[in-house]
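Asker: Let me see the structure of the following:
(2 chains)
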Amino acid sequence: ETGVTQSPTHLIKTRGQQVTLRCSSQSGHNTVSWYQQALGQGPQFIFQYYREEENGRGNFPPRFSGLQFPNYSSELNVNALELDDSALYLCASSLKRGSFYGYTFGSGTRLTVV
Amino acid sequence: TQLLEQSPQFLSIQEGENLTVYCNSSSVFSSLQWYRQEPGEGPVLLVTVVTGGEVKKLKRLTFQFGDARKDSSLHITAAQPGDTGLYLCAGGSMTGNQFYFGTGTSLTVIP
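Answerer: Numbers count the residues shown, from 1 in each chain, chains lettered A, B, ... in the order given. Reported below is the predicted structural model:
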């Protein structure tokens, strides 16, 4: 059984640009969520997708958007990048909606905005 | 804004010592989980607790969920260098569509 894979692992972008991060969920998992983790801090919930629909969102502006595909893989898109968007972006998948089942995390994408 | 506050933020202890990490909130959670994260990796799930007052043991680690489901603790007995890492508590909202991580506790166990 494969785990959660994220791509790319590292990325450098210029302020104002747009970025797309990708995530393949663990086999059999239909729920995907995305998190932003600043250095030395706990992850912050961005949003969650269940069966291709967003069904939960944290305190992030609309320029953070996402998609989930029929195979349950997912993308995180960030428009008009700001310097403060520099962080580790984590994707996690779960067997079912709801936190009872626990989340399997990928290793993340390190985004640097210059 | 993080709903879950962890203490202490940093902890450095000698191998063989015991320690407790606390996770507190004013909110009620449907479940609470503990994760351990190593540098360059994503968090790895250690345990999920669901029922108020629940206690779970995983070898040298003991997890407790508060009676009111607002707080939790992680106790490690006879810490080993392999326990070094960032420990994160995380709670699921009662609506099931939000998930909150704590502020994190960075543990270093010195051989």
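
Asker: Can you pull out the residues in contact with stretch B:80-87?
Answerer: B:6, B:15, B:21, B:34-38, B:60, B:74, B:76, B:104-111 (C-beta atoms under 8 Å, 6 or more residues apart in numbering or on different chains). No exception for glycine: its C-beta is placed from N, CA and C like everyone else's.

Asker: which other helices and strands contact the helix or strand of chain B with the lowest mean pLDDT?
Answerer: Ranked by mean pLDDT, DSSP states H and E, the helix or strand of chain B with the weakest confidence is strand B:99-101, at a mean of 91. With contacts defined as 3 or more C-beta pairs under 8 Å, 6 or more residues apart in numbering or on different chains; DSSP states H and E, strand B:99-101 has these neighbours: strand A:44-50, strand B:85-92.

Asker: and the ones you listed as TSV, adding distance to residue A:9 and mean pLDDT?
Answerer: What follows is the helices and strands packed on strand B:99-101, written out as TSV (distance: least, C-beta to C-beta, whole Å; pLDDT from 0 to 100):
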stretch	distance to residue A:9	mean pLDDT
strand A:44-50	19	94
strand B:85-92	19	95
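
Asker: Can you tell me which of these is packed in deepest?
Answerer: Most buried of the helices and strands packed on strand B:99-101 by mean neighbour count (mean count of other C-beta atoms under 10 Å in any protein chain shown) is strand B:85-92; its value is a mean of 25.

Asker: which ones among the contacts of stretch B:80-87 come in contact with chain A?
Answerer: When the contacts of stretch B:80-87 are checked against chain A using C-beta under 8 Å from any C-beta of the partner chain, the ones in range are B:6, B:35, B:104, B:106.

Asker: ok, the residues you listed vs chain A, which is closest?
Answerer: Chain A has its nearest neighbour among these in residue B:104, at 4.5 Å by C-beta to the nearest C-beta.
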